[in-house]
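> Need a 3D model of the following:
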Amino acid sequence: QVQLVESGGGLVQAGGSLRLSCAASGRTLSTYAMGWFRQAPGKEREFVAAIWWSSGRTYYADSVKGRFTISRELAWNTVYLQMNSLKPEDTAVYYCASLTAPIIPPTNSREYAYWGQGTQVTVSS
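Next up, the predicted model:
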């Protein structure tokens with residue numbers, strides 16, 4: 001089992017920044033990659049970004065490239081999502097998730113085994 005706890009969400013004006021954190025505990029050695037996904041009201045959950053735990057290779061959705069940065073701190077088993085130039089369409093509940101199989105690219109939510117509880121990000125116009 002892997003436990004994931006997100007933090008850092010909130011309300012921000014368009015053009016602003018937020019940094020989300022996701023702390024992992026438990027059987028973290030089983031993690032191949034960590035991903036961030038988001039779900040807006042009435043929409044399906046969508047991929048945002050992912051990072052390969054060992055190599056640090058990153059993946060991004062086209063909608064966030066150049067604005068969001070995913071990173072990890074191995075010593076703290078923590079993954080971050082730095083979100084800059086936020087737009088109202090970024091408003092959603094953001095979830096971090098753990099991928100426990102070597103699936104490339106790590107962009108499909110159905111492949112992730114463990115999920116955090118989610119953190120709300122609201123961007124006002």
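> Where does pLDDT dip in this protein?
For the chain, applying pLDDT under 70 flags no range at all.
> All the strands of it, in order from the start?
In the chain, strands defined by DSSP state E lie at 2-7, 10-13, 18-26, 33-39, 46-52, 58-60, 68-73, 78-83, 92-99, 114-115, 119-124, listed in chain order.
> Out of these, the one nearest Asn108 is which?
Evaluated over the strands of the chain, closeness to Asn108 peaks at strand 46-52, with 7.4 Å, by C-beta to C-beta. Heads up, the C-betas are built off the backbone N, CA and C, glycines and all.
> what's the angle from that closest one to strand 18-26?
60 degrees (axes from the mean of the first three to the mean of the last three C-alpha atoms, to 10 degrees).
> Next, format the strands of the chain as TSV and append distance to Asn108 and mean neighbour count.
TSV is the format used below for the strands of the chain (distance: least, C-beta to C-beta, whole Å; neighbours: other C-beta atoms under 10 Å):
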stretch	distance to Asn108	mean neighbour count
strand 2-7	18	18
strand 10-13	28	13
strand 18-26	18	18
strand 33-39	9	24
strand 46-52	7	22
strand 58-60	11	17
strand 68-73	16	18
strand 78-83	18	22
strand 92-99	9	24
strand 114-115	14	18
strand 119-124	21	17
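> closest to Pro105 out of these?
With distances scored as C-beta to C-beta, the stretch of these nearest to Pro105 is strand 58-60 (5.4 Å).
> Let's have the strands of the chain in a markdown table, adding distance to Pro106.
Formatted as a markdown table, these follow (distance: least, C-beta to C-beta, whole Å):
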| stretch | distance to Pro106 |
| --- | --- |
| strand 2-7 | 15 |
| strand 10-13 | 27 |
| strand 18-26 | 15 |
| strand 33-39 | 4 |
| strand 46-52 | 4 |
| strand 58-60 | 6 |
| strand 68-73 | 11 |
| strand 78-83 | 12 |
| strand 92-99 | 5 |
| strand 114-115 | 13 |
| strand 119-124 | 20 |
